[in-house]
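Q: Quick one, fold the following:
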Amino acid sequence: MTVSKHLEPKYRLHCHSTRNNTIVTLTGPNGNTLDWASGGRCKFVGANRASYEAGYQSAILMFHAIEKIAGEQRIKLELFFKGFGQGRDAMKTALLATEGSKIRDLVCSITDRTAIKIGGTRSKKARRL
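A: Residues are numbered from 1 along each chain as shown. Sure thing, here's the model as predicted:
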């Protein structure tokens, strides 16, 4: 029995990248967290959690989890990026590299959810030296 493309469940891969860490979360079609990875979970400590390599290793760890799920059933994947850290570029590079070759075909949409400050509160006074 073949499954229609419209009936394939859409899983979500969230990449929240900050100045201090990168957190990658895989959620199911109903929104429940299935797996997650971060710089700390990949054995990076201190300031190294914010590095490009920590983001890259987190992305690869999540790709293995997605491959395991995709081996059991046909799925679609939505990507959500949030933040301006180095992990964002690392996730993009890992997806385009050899490690992401199996995942690339599953991606149906890529969305940027980075909040952009428009107006907002007044900035701190400029520091004088």
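
Q: only C-alpha atoms for contact and neighbour calcs from this point on.
A: Noted.

Q: which residues touch Asp112?
A: For Asp112, the contacting residues are 80-82, taking Cα atoms under 8 Å, 6 or more residues apart in numbering as the criterion.

Q: where does it sit relative to Gly83, distance-wise?
A: 9 Å (Cα to Cα, to the nearest Å).

Q: Dump the contacts of Asp112 to TSV, plus secondary structure.
A: Shown next, in TSV, are the contacts of Asp112 (DSSP: H, G, I helix; E, B strand; the rest coil):
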residue	secondary structure
Phe80	strand
Phe81	strand
Lys82	strand
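
Q: Which residue ranges of the chain form helices?
A: Shown for the chain, the helices assigned by DSSP state H span residues 52-72, 86-96, 101-104.

Q: I'd like to know which of these is closest to His16.
A: His16 sits nearest to helix 86-96 of all these, at 7.6 Å, using Cα to Cα.

Q: residues of that closest one that come out buried?
A: Residues of helix 86-96 classed as buried under the neighbour-count rule (16 or more other Cα atoms under 10 Å) are 86-92, 94-95.

Q: In CSV: the helices of the chain, plus mean pLDDT and distance to Gly120.
A: What follows is the helices of the chain, written out as CSV (pLDDT from 0 to 100; distance: least, Cα to Cα, whole Å):
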stretch, mean pLDDT, distance to Gly120
helix 52-72, 95, 30
helix 86-96, 95, 25
helix 101-104, 93, 37
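
Q: Show me how to select, in PyMOL, the buried members of the contacts of Asp112.
A: Restricted to the buried members of those, where burial is judged by 16+ other Cα under 10 Å, the PyMOL selection command reads as follows:
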select buried, resi 80+81+82
